[in-house]
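**Student:** Give the three-dimensional model of this entry:
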Amino acid sequence: MRSSLTRIRRLTAEHMVRSKATSAHTLMVKEVDYETSSAFVACMALASKAGGFSLTYLAFNAVATLIALRDFPHLNASVGDDELIVHHELNLGIAVDLDGEGSSFR
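**Tutor:** Okay, here's the model as predicted:
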């Protein structure tokens, strides 16, 4: 079955292909038990009490990712003309699609 791509899906695909061609990619899988992390539980309680909202695991994973990239700068790099280009600034982007189709960007 085939269906035409929405504008946002087409743009996302183009950017992912470009990223794959220019960035060094790595994958690490780590199991984390958040329930026993006193820092995690304290942050969740503080956010809920102070701001009236709850944090998700994504916030903690994003911070952990940035800390890892700071500590291992060669992972924050792209491939250039026969060289590794290490980027010293950290920029983490997270894309979400609330309605499942990217329809607001058609």
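**Student:** Buried residues, stretch 73-92. List them.
**Tutor:** Under the neighbour-count criterion of 16 or more other C-beta atoms under 10 Å, stretch 73-92 has Asn76 buried. The way it works is simple: take the backbone N, C-alpha and C, and place the C-beta from them, glycine included.
**Student:** Strands of this protein, start to end?
**Tutor:** Assigned by DSSP state E, the strands in the chain fall at 77-79, 84-86.
**Student:** worst average pLDDT in the ones you listed?
**Tutor:** Of all the strands of the chain, the minimum mean pLDDT falls on strand 77-79 (a mean of 80).
**Student:** That one packs against which elements?
**Tutor:** Strand 77-79 is packed against strand 84-86, with contacts defined by 3 or more C-beta pairs under 8 Å, 6 or more residues apart in numbering; DSSP states H and E.
**Student:** Now do the one helix or strand in the chain whose mean pLDDT sits lowest: distance to the chain's middle.
**Tutor:** Least confident helix or strand of the chain, by mean pLDDT, DSSP states H and E, is helix 38-51 with a mean of 77. The chain centre lies 22 Å from the centre of helix 38-51; the measure is C-alpha atoms, centre = their mean, to the nearest Å.
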